[in-house]
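> Quick one: sequence plus predicted model below, questions after.
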Amino acid sequence: MGNGSMMRILPVVVCASAVIFASAPLAAQDTSQTSSISQYRETAARIIAAALSDSSAYTRLGTLVDTFGPRLSGSPALERAIDWVRSEMTRDGLDNPRTQPIKVPHWVRGQESVELVSPRLAALPMLGLGGSIATPRGGITAPVLVVSSFADLAARATEAQGKIVLFDAPFTTYRETVVYRRDGAVAAARAGAVAALIRSVAPFSIRSPHTGNMAYDSTVNRIPIAALSVEDAIMLHRMQDRGEKIVVTLTMEAHQLPDADSRNVMADLRGTEHPEEVVLIGGHLDSWDVGQGAMDDGGGVVAAWQAVTLLKRLGLRPRRTIRVIGWTNEENGLRGGRGYRDALSAGELAHHVLAFESDNGTFRPLGIGFTGSDSARGVVRQIAALLAPITADSVFPDGSEADIGPLMEKGVPGMDLVTVGDRYFWYHHSNGDTLDKLDPAELARCVAVMAVMAYIVADLPEPLPR
C-alpha cells in the first residue's frame, strides 16, 4: 500500500459506524435483480465450502513470497514474480494469461545507516523513505531537533537551521500520521534543516522501522529523509527533554534511476453471454524492498487469483468475464492502475461493471466496502447477505483503493475487501511483513468473499447499475 491507498477505510477506526451504515434500510433497487440474487444461495454456499476446504491459496502465497521475496518496482525480483504468475495462470487453465507493459519508477535504497554519536554511541535501526535522495558521501553528522508535530516545528523553526529534524509524531490513524512520512522532508527543509527523520508510522513496534513513499516540493531544497523505530524516536525525545545534546550521523546511498520496464499481469475467466463486460478483481504484486510483501499485498493478489481459479475448478463460468489482475507499482507510483485504465478504449471502460481490490491484508474478512450508485449498493447488499455464514456480510460505505482509483474516477463502481485490520500497521512496509503474519483459514475466507461477490456480480442478468 502506497500513498494512493492512504484514504482507504481502516476497519479498526470505522467498524462501528460501518455496521450502522450496513444495517440501514435498503436503497431502492430493481426487484428482479433481488429475486435473481436469492437464486444464488446454494451456489454461494458451494463456493464458500470449497474455499474453506482448500489451503492452496496459502501454499501458493508461500511459494510467491519465499521464492521472490520483496518486489520493489524496477527490481529483477518483481519481474521474475510476474513471469511466474503468468506461467501459473496458464497452468491453472485461465483464459488468455498475459502481461501489459508499464513504465515504472526505479528507486534504489543502497547502503544506509543512522549512528547515534552523542550522548552515547549506538547504531539505530532505520529505513530510508522511498524516493529520498542520498546524503553526501560520508554522510551528514549534525545535531538533532526533536519535534512532535508540524506545528511544533513551526514554533521552533529558528532552532532547526543546520540540524536534522526528527518528527516524533505518535500514531493516531494512518490517514493522520502518514503526513509526516510524506511531507516531513519538505517541512524540515523549509525550516533550514539538512536532513529529516521520522518516527515510523506504526502503532506497535519491536524496534522495527517502517518505510514508505515520501514527496518533495520544488519550492524548497531536497534533503534526505529516513524512518527510525518508534522506540528510538521516543528515546531521542527523552534525551532532548533532559537537556542532553543529541548528534547523529545519517548515511544514505539512495538514488533514482531512469524509469524501468514492468508489467501488469492478468488472466480471464471468459464470460458465456457477455464476454466484453468485465468484473475486475485483483491486488498489487509489487511491494517495498523489505520483508516479503506477504501482507501488502501478496495475499491480496493470491486471494483474487485463487477466487477465479476456484470458480473454474467448480465449473462456474458466469455470463460476464471475470478478470484477475496483479497490478505493478502501487507502492511508489500507481503506474499499474493508471496504465490499465489508460489502455482501455471508451467502450471497454464503459463495459467494466465492477473493480474489486484487496489491499487491506488478508486477515479475517468483515465484508466489503462499496462505492457506486444507491441502486447498485442495494444489489451488493443482497449479495453480501449470502456471506453471513462466514460473518463477512457487512457492507461498508467506501470501496476505494489505490489501483482501482483511476477506474473509479471514470465512473466504474469500486469495491474493496475489508478485514479485521488491527495488526495491519504493526507490520506494514517493514521487515515484519512476512507470511507467518497471515492465517491460512483467514486467507481462505478472503478467497470465498472475493469468489462469491465476483461470480454473482458477473452472472446477474443485468450489470450493476451505474
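Received, thanks.
> list the helices and strands the helix or strand that contains Met89 packs on?
Met89 belongs to helix 76-91 when elements are defined using DSSP states H and E. In terms of contact count using 3 or more CB pairs under 8 Å, 6 or more residues apart in numbering; DSSP states H and E, helix 76-91 is assigned the packing partners helix 56-68, strand 95-108, strand 255-269, helix 299-313, strand 320-327. C-betas here are computed from N, CA, C, even on glycine.
> residues in contact with the residue nearest to Ala451 when sequence neighbours are not counted?
Residue nearest to Ala451 in three dimensions, not counting chain neighbours: Ala307, with 3.8 Å by CB to CB, 6 or more residues apart in numbering. Counting by CB atoms under 8 Å, 6 or more residues apart in numbering, Ala307 makes contact with Ala51, Ile281, Val324, Val447, Ala448, Met450, Ala451, Ala454.
> quick one on the thing from earlier: identify whichever of the helices and strands packed on helix 76-91 lies nearest to Gly372.
Shortest separation from Gly372 across the helices and strands packed on helix 76-91 is recorded for strand 320-327, at 16.0 Å, computed as CB to CB.
> Need the residues that contact the helix or strand that that closest one is followed by.
Moving toward the C-terminus from strand 320-327, the next helix or strand (DSSP H and E) is helix 335-342. By CB under 8 Å, 6+ apart, the residues outside helix 335-342 that reach it are 4, 73, 100, 102-105, 262, 264, 284, 286, 325, 327-330, 349, 402-407, 409-410.
> Quick one, which of the helices and strands packed on helix 76-91 gets closest to Ala392.
Nearest to Ala392 among these is helix 299-313 (12.3 Å), distances taken as CB to CB.
> What are the buried residues along that closest one?
By neighbour count with 16 or more other CB atoms under 10 Å, helix 299-313 contains the buried residues 299-311.
> Now pLDDT too, for the residues you listed, in JSON lines please.
Formatted as JSON lines, the buried residues of helix 299-313 follow (pLDDT from 0 to 100):
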{"residue": "Gly299", "pLDDT": "98"}
{"residue": "Gly300", "pLDDT": "98"}
{"residue": "Val301", "pLDDT": "98"}
{"residue": "Val302", "pLDDT": "98"}
{"residue": "Ala303", "pLDDT": "98"}
{"residue": "Ala304", "pLDDT": "98"}
{"residue": "Trp305", "pLDDT": "98"}
{"residue": "Gln306", "pLDDT": "98"}
{"residue": "Ala307", "pLDDT": "98"}
{"residue": "Val308", "pLDDT": "98"}
{"residue": "Thr309", "pLDDT": "98"}
{"residue": "Leu310", "pLDDT": "98"}
{"residue": "Leu311", "pLDDT": "98"}
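> And for Leu121, the neighbour number?
Leu121 sits with 8 neighbouring residues when counted by other CB atoms under 10 Å.
> and what of the one 3 residues further on?
The criterion is other CB under 10 Å. On that basis, Leu124 has 21 neighbouring residues.
> Excluding residues flanking it in the chain, which one is nearest it?
Take Leu124 and drop its neighbours on the chain: the residue closest to it by CB to CB, 6+ apart is Val114, 4.4 Å away.
> residues contacting that neighbour?
Ala123, Leu124, Pro125, Met126, Leu197, Ala226, Leu228, Val248, Thr249, Leu250, Thr251.
> Try it again at 6 Å.
If you count contacts by CB atoms under 6 Å, 6 or more residues apart in numbering, Val114 has them with Leu124, Met126, Val248, Leu250.
> Now the third one: phi and psi?
The phi/psi pair for Val248 (degrees, to the nearest 10) reads phi -130, psi 160.
> Tell me how far it lies from Val379.
For Val248, the distance to Val379 (CB to CB, to the nearest Å) stands at 56 Å.
> Run through who's touching the host helix or strand of Val457.
Element membership of Val457, judged by DSSP H and E, is helix 440-459. Residues from elsewhere that reach helix 440-459, judged by CB under 6 Å, 6+ apart: 40, 44, 47-48, 51-52, 55, 57-58, 279, 281, 303-304, 306-307, 310-311, 316, 318-320, 322, 354, 362-365, 383, 387, 390, 392.
> low pLDDT regions in the stretch 351-466 of the chain?
Across the stretch 351-466 of the chain, not a single residue meets the criterion (pLDDT under 70).
> can you map out the helices along it?
For the stretch 351-466 of the chain, the helices defined by DSSP state H, counting those that start in this stretch cover 374-384, 405-408, 424-427, 440-459.
> Find the one among those helices with the highest mean neighbour count.
Of all these, helix 440-459 carries the top mean neighbour count, a mean of 25, counting by mean count of other CB atoms under 10 Å.
> CA atoms only for the helix or strand hosting Thr177 - export them in CSV, please.
Thr177 belongs to helix 174-190 when elements are defined using DSSP H and E. Output in CSV follows, covering the C-alpha atoms of helix 174-190 (Å, rounded to 0.1, in the frame of the first residue of the first chain):
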residue,chain,number,x,y,z
TYR,A,174,-2.8,6.1,9.3
ARG,A,175,-4.6,8.9,7.5
GLU,A,176,-3.5,11.4,10.1
THR,A,177,0.0,10.2,10.8
VAL,A,178,1.3,9.3,7.4
VAL,A,179,1.6,13.1,6.5
TYR,A,180,4.9,13.1,8.5
ARG,A,181,6.3,10.5,6.2
ARG,A,182,5.0,12.1,3.1
ASP,A,183,5.7,15.8,3.9
GLY,A,184,8.4,15.7,6.6
ALA,A,185,11.3,16.4,4.3
VAL,A,186,9.6,19.5,2.9
ALA,A,187,8.7,20.9,6.3
ALA,A,188,12.1,20.3,7.7
ALA,A,189,13.9,21.8,4.6
ARG,A,190,11.7,24.8,4.8
